[in-house]
Every structure is written in C-alpha cells, then in structure tokens.
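A.B. asks: Pasted the sequence and its predicted model underneath.
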Amino acid sequence: MKKRTVERIPANLKAEFFWSDKVNSGSVADLSENGMLVNTTTCPPLRAKFDLSIPLKDDVVKLPVKVRRIVKNDNTYDAMVVEILNPPKQYLDFVSSLRWEQIK
C-alpha cells in the first residue's frame, strides 16, 4: 500500500463545492499540503476535478481538487479523498501554521 508523503492534520472545517448542478457541503476531517479527507453525502466520481471552498481565518479559499478515492461505509458513500492541485500560498501557510501548533 502506498504511504502518504506527508502526515495529515486532524481538522474540522466546513467545505463547499459545486457538483451535479448544485452547491454541496461537507466537512474536512483531516488535511495536508496536498490532500484532504472530506466527509460529504455527495461524492463525485474518481478523477473528477472541481473547486472546493473552505474558510480560512477571515477569508474563503477556493482549492482546485481532484477526487482520488471515495470512502464507503455501510453501503453508503460518505467521504472522498481529494488531491489539491496547485495549492495556493494562503492554504499552504494555513497548513504550516497548523503543523507549528502541533509541534508546540
């Protein structure tokens, strides 16, 4: 099994994304510089690309993402693992600050 290049940080952030002609919501359970696990009742198909919006401090950041894995529990798809494509500096700074908090 392939290991992650960086460890994920536990999180609890709201997330929104446009898919299937509507705005869908979810929550980010963990994240890293290049990926995250999003709990949601709407899971786009593998390799789907779209923008995922999350609140960071006083702003909302749009992250271009690609679905890498869909998580199924009890016959229901309820989460997706996404790769962040070209993460913006604001997001990378946010993740860095979370890592720093973990070290303290």
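C.D. replies: Perfect, I can see it now. Numbers count the residues shown, from 1 in each chain.
A.B. asks: Okay, now the unreliable bits of the protein?
C.D. replies: By pLDDT under 70, the low-scoring segments of the chain are 1-5, 103-104.
A.B. asks: Quick check: the gap between P45 and E7.
C.D. replies: P45 is 27 Å from E7, where distance means CB to CB, to the nearest Å. All C-beta spots, glycine's among them, are computed from the backbone N, C-alpha and C.
A.B. asks: could you say which helix or strand contains the residue nearest in space to the middle of the chain?
C.D. replies: Geometric centre of the chain, nearest residue: M36, 3.5 Å, by CA atoms, centre = their mean. Using DSSP states H and E, M36 falls within strand 35-39.
A.B. asks: Direction-wise, compare the helix or strand following that strand with strand 35-39 and give the angle.
C.D. replies: Counting by DSSP H and E, the element after strand 35-39 in chain order, helix or strand, is strand 49-56. Per axes from the mean of the first three to the mean of the last three CA atoms, to 10 degrees, the angle that strand 49-56 makes with strand 35-39 is 80 degrees.
A.B. asks: partners of the host helix or strand of R69, with directions?
C.D. replies: Using DSSP H and E, R69 sits in strand 59-73. Partners of strand 59-73 in the sheet, by DSSP bridges, are strand 49-56 (antiparallel), strand 76-84 (antiparallel).
A.B. asks: Since that was my last question, I'll sign off now.
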